[in-house]
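Enquirer: can't give you the sequence, but here's the structure:
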């Protein structure tokens, strides 16, 4: 019974979905204020999801199974990540050996689900968006993995989230070292690409592809994709906090760190133009990749 509660209520689906939707509202509200607009009320995103759930789901003639189930697979993976992270930071030391590796794998599932659903729709614009999403994964995943490897090295080879948190409680946050700063900067850039917002919004690109990968989705499946993005806006900053800012993880400090990261993400999103796919590839395989390799080397040297 406790396990079901953890996955469905706290710190799993209900809790993480509410925080994620509120984070999306904060994004829209801050974006509006930057543009001298008022912005929506706090409950707008909740109403948007409810409205989509009540709408008709239109399926393509072929690939119906893949098209229909991809959104649910992506959403399920984010809920699992939210539960794993929440168990470690809200419910005390826990988890299992290798849960860090599981989280890293699960974080790529939403992007893969988005691609599979888009390809299954057989829409040319959706396929173009899926191709862009694939290139985006190829661009950011290597620097992101190297940043995680740097954290593992600094933590003495521990691949358990509770072990990484305990190491920071004793030795200080990983960001307070040369390798930690470099790895944090790289991971921070990569999570924005994982979110697919702002300068990395190439797979949807409303002005070019008319929502791209989501163009054929409606009703409940579209609601699942929207909810998945909201969940990612919650779990990705929390994941950074666990890896790099894990010294003080009481609720107040977690909230302050989370809001600070969220504001930084939103400001970068609103002050930079969207990059093209080739620019994204050159960007991530350039400076971020070099910084990530440098972080790994410095971590091996104990710096």
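Expert: It's in. Here the structure is a predicted model, which means the values were calculated and not measured. Residues are numbered from 1 along each chain as shown.
Enquirer: Could you list which residues are in contact with residue 57?
Expert: 68, 218-221 (Cβ atoms under 8 Å, 6 or more residues apart in numbering). C-beta coordinates here come from the backbone N, C-alpha and C atoms, glycine included.
Enquirer: can you tell me which of these are in strands?
Expert: When the contacts of residue 57 are checked against strands (DSSP state E), there are no matches.
Enquirer: By neighbours, which of these wins?
Expert: If you count neighbours using other Cβ atoms under 10 Å, the busiest of the contacts of residue 57 is residue 221, which has 23 neighbours.
Enquirer: Identify the residue spatially nearest to that one, adjacent ones excluded.
Expert: Once flanking residues are discounted, residue 221 sits nearest to residue 71: 4.3 Å by Cβ to Cβ, 6 or more residues apart in numbering.
Enquirer: Could you do residue 114 as well?
Expert: Excluding its sequence neighbours, the residue lying closest to residue 114 (Cβ to Cβ, 6+ apart) is residue 213, at 5.2 Å.
Enquirer: And the one you found, how close does it get to residue 133?
Expert: 6 Å (Cβ to Cβ, to the nearest Å).
Enquirer: Tell me the secondary structure at the nearest residue to residue 225 once chain neighbours are set aside.
Expert: In this structure, residue 225 finds its nearest non-sequential neighbour in residue 71, 4.9 Å apart by Cβ to Cβ, 6+ apart. Following DSSP: H, G, I helix; E, B strand; the rest coil, residue 71 is assigned to helix.
Enquirer: one step back: and the contacts of residue 57, which two are furthest apart?
Expert: Maximum pairwise distance among the contacts of residue 57 (Cβ to Cβ): 11.5 Å, between 68 and 218.
Enquirer: Go through stretch 245-262 and flag the buried ones.
Expert: For stretch 245-262, the neighbour count (16 or more other Cβ atoms under 10 Å) marks 245-247, 249, 254, 257-258, 261-262 as buried.
Enquirer: Which of those residues fall within helices?
Expert: Judged by DSSP state H, the subset of the buried residues of stretch 245-262 located in helices is 254, 257-258, 261-262.
Enquirer: hey, where'd the helices end up in the stretch 101-250 of the chain?
Expert: 109-121, 124-154, 161-171, 178-195, 206-209, 219-244 (DSSP state H, counting those that start in this stretch).
Enquirer: buried sites along the third one?
Expert: In other words, helix 161-171. Buried residues in helix 161-171 (16+ other Cβ under 10 Å): 161-165, 167-168.
Enquirer: Show the average pLDDT along it.
Expert: Mean pLDDT, helix 161-171: 90.
Enquirer: Contacts made by it with the rest, please.
Expert: Residues lying outside helix 161-171 but in contact with it, judged by Cβ under 8 Å, 6+ apart, are 84-85, 88-89, 93-95, 99-100, 103, 151-152, 154-156, 158, 174, 242-243, 246-247, 249.
Enquirer: One more pass at 7 Å, please.
Expert: Helix 161-171 is touched from outside by 88, 93-95, 99-100, 151, 155-156, 158, 174, 242-243, 246-247, 249, with contacts defined as Cβ atoms under 7 Å, 6 or more residues apart in numbering.
Enquirer: now it, how far from the centre of its chain.
Expert: Helix 161-171 sits 22 Å away from the centroid of its parent chain (Cα atoms, centre = their mean, to the nearest Å).
Enquirer: How about the shortest one?
Expert: Its chain's C-alpha centre lies 22 Å from the corresponding centre of helix 206-209 when counted by Cα atoms, centre = their mean.
Enquirer: name the helices or strands packed onto that helix?
Expert: Here helix 206-209 touches helix 124-154, going by 3 or more Cβ pairs under 7 Å, 6 or more residues apart in numbering; DSSP states H and E.
Enquirer: Okay, angle between the helix it packs on and helix 178-195 too, please.
Expert: With axes from the mean of the first three to the mean of the last three Cα atoms, to 10 degrees applied, the angle from helix 124-154 to helix 178-195 works out at 160 degrees.
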